[in-house]
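J.: Coordinates only, no sequence provided:
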């Protein structure tokens, strides 16, 4: 993957608007829950319960098996159906490192986001 210079410049230009977006999200009256995928897959039930509570939803054990629900439906109109029917797993954790060299030019631009969400760069 080669990053287009214009893409990098667009990301750079968006740094100010990104900061404003974060400030606006934090200033809004509606709450926002942030959860790293890596933390979620370490303890799915704990975090699924926290998400249900945050959304004001009653707990259902089926929330621990979204892929089972998808399989029961039989057909889901999405190009990612093969992924939807797979259980939540740690498989994707750290997968971005396969593309670390390609991310190199934009890591300084992404650094505020990475830091904001607790990811090392």
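T.: Everything's here; your move. Quick caveat: nothing in here was measured; it's all calculated off a predicted structure.

J.: residues in contact with the residue most central in space within the chain?
T.: Closest residue to the average C-alpha location of the chain: residue 37 at 6.2 Å, with CA atoms, centre = their mean. By CB atoms under 8 Å, 6 or more residues apart in numbering, the residues touching residue 37 are 92-93. In this view, the C-beta of every residue, glycine as well, is placed from N, C-alpha and C.

J.: Outline the domain layout of this protein.
T.: 1-32+66-116, 33-64 (automatic domain parsing).

J.: mean confidence score for the first one?
T.: Domain 1-32+66-116 carries an average pLDDT of 73.

J.: Quick check: which element contains residue 45?
T.: If you go by DSSP states H and E, residue 45 is part of helix 44-55.

J.: how close does residue 116 sit to residue 110?
T.: 10 Å (CB to CB, to the nearest Å).

J.: Compare those two and say which is more crowded by neighbours.
T.: residue 110 (15 against 12; other CB atoms under 10 Å).

J.: From the contact counts, what lies against the helix or strand where the more buried one lies?
T.: Per DSSP H and E, residue 110 falls inside helix 107-116. With contacts taken as 3 or more CB pairs under 8 Å, 6 or more residues apart in numbering; DSSP states H and E, helix 107-116 sits against helix 5-27.

J.: returning to what we had before: in the helix holding residue 45, which of the residues would be classed as buried?
T.: Within helix 44-55, the residues that count as buried by 16 or more other CB atoms under 10 Å are 44, 47-48.

J.: Run the chain-centre distance for it.
T.: 15 Å (CA atoms, centre = their mean, to the nearest Å).

J.: what does that helix rub up against?
T.: So helix 44-55 is in contact with 31, 33, 35, 39-40, 58-59, 63-64, 88, going by CB under 8 Å, 6+ apart.

J.: Which single one of the residues you listed is nearest to residue 94?
T.: Relative to residue 94, the closest of the contacts of helix 44-55 is residue 39; by CB to CB it sits at 13.4 Å.

J.: Quickly find the element holding the closest one.
T.: Applying DSSP H and E, one finds residue 39 within helix 37-42.
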